[in-house]
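Asks: Okay, here's the prediction I keep looking at, along with the sequence it came from:
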Amino acid sequence: MKIIMLGAPGAGKGTQAKMIAEKYGIPHVSTGDIFRANIKNQTELGMEAKKYMDQGLLVPDELTVKILLDRVAKDDCKNGYVLDGFPRTIPQAEVLDKAVAELNESIDFAINVDVKDESIIKRMSGRRACLKCGATYHIEHIPPKQEGICDSCGSELVLRDDDKPETVKKRLSVYHEQTQPLIDYYSKKGILREVNGSQDMKDVFNAIVTILDSAVKH
Ligand code: ADP
Ligand code: ADP
Ligand code: ZN
């Protein structure tokens, strides 16, 4: 099964993608996580990506497309994957479509996690991330067992540089301009499904599972 998660920054794509990956036994592929891992290891790609990420801008398509195509060409992606944070532009979507079509395959669903902009700003200021394993928490809604410490790996949790309110506003405007058109793009292909992302995370997940399981039965 090949799934794309759509939605504004902070809508809950990553949170849901991790649960989908676990339930369906497919890898969670996050371009943001790949960039952050590269920044942490101070690779050339990481240093280039950071310039854009720190300003709330998208990393240029050429760079992003290459890392995504390399990632989904790996063996563990043979039976599908859940993409989180890719595509974010129409040209990225077109490249992905082409790559998948070359394998005589197709994307099954693009799931749009819908959350209003006002709630996004609140969610992001409470987001805490583990830069070691990629786990994400929320200080109010989804707190770690021990404050400031990752449940999964014991590392310190941080407020991402790009989750500060000024940068979040920029990211939201970039989202509306460059990423939101993908909703229409996938709707025209007949694979768009909408879920209300303002519900409790378990209810959002149940709505997604209903969508994915309906496909398996047919
Ligand atoms: P969020 O989880 O808040 O949606 P991500 O972790 O997906 O954020 O992405 C963080 C940043 O990494 C983005 O603001 C952008 O600068 C960069 N990035 C991630 N994925 C892409 C992509 N597909 N195209 C361009 N830039 C990307
Ligand atoms: P995205 O990947 O779309 O940027 P995340 O999955 O990182 O979003 O979620 C953004 C923030 O909101 C995180 O702090 C996360 O713990 C929290 N969060 C995710 N889903 C929900 C939800 N359904 N209700 C409340 N908070 C949530
Ligand atoms: Zn961790």
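Replies: Received the coordinates, thanks. As the structure is a computational prediction, the values presented were derived from the model and not from experiment. Ligands and ions are numbered 1, 2, ... in the order given.
Asks: Just the element for residue 167, please.
Replies: helix 165-174 (DSSP states H and E).
Asks: Please apply the same query to residue 97.
Replies: With DSSP H and E as the test, residue 97 turns up in helix 90-102.
Asks: And the contacts of that helix?
Replies: Applying Cβ atoms under 8 Å, 6 or more residues apart in numbering, the external contacts of helix 90-102 come out as 2, 61, 64-65, 68-69, 72, 83, 86-87, 106-107, 181-182, 185-186. All C-beta spots, glycine's among them, are computed from the backbone N, C-alpha and C.
Asks: From the residues you listed, list the buried ones, please.
Replies: 2, 61, 64-65, 68, 72, 83, 86-87, 107, 182, 185-186 (16 or more other Cβ atoms under 10 Å).
Asks: a markdown table for those, including secondary structure and pLDDT?
Replies: Listed next are these as a markdown table, based on DSSP: H, G, I helix; E, B strand; the rest coil; pLDDT from 0 to 100:
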| residue | secondary structure | pLDDT |
| --- | --- | --- |
| 2 | strand | 98 |
| 61 | helix | 98 |
| 64 | helix | 97 |
| 65 | helix | 97 |
| 68 | helix | 97 |
| 72 | helix | 97 |
| 83 | strand | 98 |
| 86 | coil | 98 |
| 87 | coil | 98 |
| 107 | coil | 97 |
| 182 | helix | 98 |
| 185 | helix | 98 |
| 186 | helix | 98 |
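Asks: Reformat those residues as a markdown table; add distance to residue 115.
Replies: Formatted as a markdown table, those follow (distance: Cβ to Cβ, whole Å):
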| residue | distance to residue 115 |
| --- | --- |
| 2 | 24 |
| 61 | 25 |
| 64 | 23 |
| 65 | 27 |
| 68 | 24 |
| 72 | 26 |
| 83 | 19 |
| 86 | 19 |
| 87 | 19 |
| 107 | 22 |
| 182 | 16 |
| 185 | 20 |
| 186 | 18 |
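Asks: Looking at the contacts of helix 90-102, which is nearest residue 167?
Replies: Comparing those against residue 167 with Cβ to Cβ places residue 64 closest, at 18.4 Å.
Asks: if I pick that closest one, what's in contact with it?
Replies: Going by Cβ under 8 Å, 6+ apart, residue 64 touches 31, 58, 86, 88, 92.
Asks: Do the host helix or strand of residue 20 and ligand 3 come into contact?
Replies: Using DSSP H and E, residue 20 maps to helix 13-24. No - against ligand 3, helix 13-24 shows no contacts by Cβ under 5 Å from the ion, the least distance being 11.8 Å.
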